[in-house]
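S.K.: pasting a predicted model and its sequence here:
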Amino acid sequence: MNTMNRARVSAAVAAAALLVGAGTSAASAAPHHASAPQGKPSASREHHQRIPFTAATVTANDNGSYTLSWTAPGVRQVVVRANGKVVARGGSHATVTVKGLPAADRQWFDFVPAQGGSLRLADREIQLSGTVNFRDAGGYRTSTGQWVRMGEVYRSGALNTLTPADVAKLSRLGIEVDYDLRTAGERTSAPDTVPAGATYVVADVIGGDITTAIDLSSAEKSAQYMVDGEKAMVSSATGKAAYRLVFAGLADDDRHAVLFHCSAGKDRTGWANAALLTALGVPRATVMQDYLASNTYRAEANAAALEAMPAGMAAAYKPLLDVRAEYLNSGFDEVGARFGSFENYEKKGLGLSSKEIRELKASLLVG
């Protein structure tokens, strides 16, 4: 292996140690008040009309078009508007392609049924030049028929290589609070680039830089490392302290839009989003789907990392780059083992009171 490839492999292995894990020191910074965000889609907090859609998605295509899909049982007609104009019509179930819309940071669509409340959606991914796996946490239906608002909470990988255009886009999206879930070493070597005026909050899940070497002798041992790390995010003192800090901010309606991220945007960030969606009442199958989507959003970056390694090492290393159902399931298993139920984890692990849980739902759910 040549010197360049050896360096790339070494850097990749070092980075993997920081994807998951637990330390001993608590998160080191407290949040500050942030004013109401600008540049987000408007949505009335008082709107409680039942939303009849059981499924709806927006997908941005490479050619600039958008694929819209929806299911609204019993509804005669659905009209879809964008930029104040009708761009699509259909019945209770339809998939349509919309073309010719002007370029925008993010294209929003209003799904308006003939009966019931409307739904505002956009493509979940935010296209940025300097990072991958930056996406909206919302746009999912809960078991009660409500929907998680989009444009309120975002999740991402590292932010240290954002371009000026990326930062300007985040500013226009209204990002007001940035929760950094990484270790001190990560933050020092790759400091965040965030919009001017955004509040930066350290919420270190691990609590100290990882010093224990990862056993890369087999894929099975690498996968077990990920399982153990997922459990530590749930039950370690530092993990609980970090996520308490994040959820306290999420429950504060004046602190949106909120962003939380780690290095890859899949493990520490993945648990944060899984816990958030679960607290909001999103079904486990949907939570798993959102978690596993990191494999798609990070596919190109992961492939490049593996190509830099000898075949044997790549096979053992791959579980560290993946997100797998067994990883997230181990986190929920740890919730049951340590707290008895997710509701107890909300209160004892995340530090949320019953009032804060109600405020979280009131702030982030529509319908």
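M.R.: Received the coordinates, thanks. Residues are numbered from 1 along each chain as shown.

S.K.: so where is the stretch 101-250 of the chain shaky, pLDDT-wise?
M.R.: For the stretch 101-250 of the chain, the stretches flagged by pLDDT under 70 are 209-212.

S.K.: what segments of it are strands?
M.R.: When assigned using DSSP state E, counting those that start in this stretch, the strands of the stretch 101-250 of the chain occupy the ranges 108-113, 119-122, 135-136, 147-148, 153-156, 177-180, 199-202.

S.K.: please convert these to TSV, extending it with mean neighbour count and distance to residue 74.
M.R.: Every residue, glycine included, has its C-beta placed from N, CA and C. Output for the strands of the stretch 101-250 of the chain, formatted as TSV (neighbours: other Cβ atoms under 10 Å; distance: least, Cβ to Cβ, whole Å):
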stretch	mean neighbour count	distance to residue 74
strand 108-113	20	9
strand 119-122	23	15
strand 135-136	22	28
strand 147-148	24	17
strand 153-156	25	31
strand 177-180	25	40
strand 199-202	20	44
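
S.K.: could you redo those as a markdown table and give each row distance to residue 248?
M.R.: Output for the strands of the stretch 101-250 of the chain, formatted as a markdown table (distance: least, Cβ to Cβ, whole Å):
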| stretch | distance to residue 248 |
| --- | --- |
| strand 108-113 | 29 |
| strand 119-122 | 27 |
| strand 135-136 | 21 |
| strand 147-148 | 19 |
| strand 153-156 | 14 |
| strand 177-180 | 10 |
| strand 199-202 | 10 |
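
S.K.: and residue 214, how far from residue 228?
M.R.: Using Cβ to Cβ, to the nearest Å, residue 214 is found at 11 Å from residue 228.

S.K.: going by how many neighbours each has, rank the two and give me the top one.
M.R.: Neighbour totals were compared for residue 214 and residue 228, and residue 214 leads with 19 against 15 (other Cβ atoms under 10 Å).

S.K.: quick one, phi/psi of the more buried one?
M.R.: Backbone torsions of residue 214, given as degrees, to the nearest 10, read phi -80, psi 130.

S.K.: ok, it touching residue 224?
M.R.: No. Between residue 214 and residue 224 there is no contact under Cβ atoms under 8 Å: 10.5 Å.

S.K.: in this structure, which residue is closest to the centre?
M.R.: Centrality entry for the chain: nearest residue to the mean C-alpha point is residue 155, 3.3 Å, by Cα atoms, centre = their mean.

S.K.: against residue 117, how distant is it?
M.R.: Residue 155 sits 26 Å away from residue 117, going by Cβ to Cβ.

S.K.: count of neighbours near the closest residue to residue 169 other than its chain neighbours?
M.R.: Nearest residue to residue 169 in three dimensions, chain neighbours excluded: residue 105, at 5.3 Å (Cβ to Cβ, 6 or more residues apart in numbering). Residue 105: 13 surrounding residues under other Cβ under 10 Å.

S.K.: quick one: contacts for residue 161?
M.R.: Residue 161 is in contact with 130-131, 190, 193, counting by Cβ atoms under 8 Å, 6 or more residues apart in numbering.

S.K.: now a PyMOL select for only the buried ones of the residues you listed.
M.R.: In PyMOL syntax, the buried subset of those is picked out as below (16 or more other Cβ atoms under 10 Å):
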select buried, resi 130+131+193
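
S.K.: of all the contacts of residue 161, which comes closest to residue 87?
M.R.: Lowest distance from residue 87 to those (Cβ to Cβ) belongs to residue 131, with 29.9 Å.

S.K.: what about the closest residue to the closest one other than its chain neighbours, neighbour count?
M.R.: Once flanking residues are discounted, residue 131 sits nearest to residue 157: 5.2 Å by Cβ to Cβ, 6+ apart. Residues contacting residue 157 under the criterion other Cβ under 10 Å number 23.

S.K.: how close does residue 157 sit to residue 133?
M.R.: 5 Å.

S.K.: can you flag which of the contacts of residue 161 belong to helices?
M.R.: Per DSSP state H, helices hold no members of these.

S.K.: for residue 197, give me its contacts.
M.R.: Neighbour list for residue 197: 171, 176 [criterion: Cβ under 8 Å, 6+ apart].

S.K.: picking that back up, and the residue nearest to residue 169, how far is that from residue 138?
M.R.: Separation of residue 105 from residue 138 (Cβ to Cβ) stands at 16 Å.

S.K.: does residue 87 sit in a helix, a strand or a coil?
M.R.: With DSSP: H, G, I helix; E, B strand; the rest coil as the basis, residue 87 sits in strand.

S.K.: try residue 57
M.R.: Per three-state DSSP, the secondary structure class of residue 57 is strand.

S.K.: then the one 5 residues further on?
M.R.: On the three-state scheme (three-state DSSP), residue 62 is labelled coil.

S.K.: off-centre distance for stretch 304-323?
M.R.: Relative to the chain's own centre, stretch 304-323 is displaced by 24 Å; criterion: Cα atoms, centre = their mean, to the nearest Å.

S.K.: can you pull the buried residues of it?
M.R.: Under the neighbour-count criterion of 16+ other Cβ under 10 Å, stretch 304-323 has 305-306, 308-309, 313-314, 316-323 buried.

S.K.: between these, which sits nearest residue 53?
M.R.: Using Cβ to Cβ, residue 323 is the member of the buried residues of stretch 304-323 that lies nearest residue 53, at 27.5 Å.
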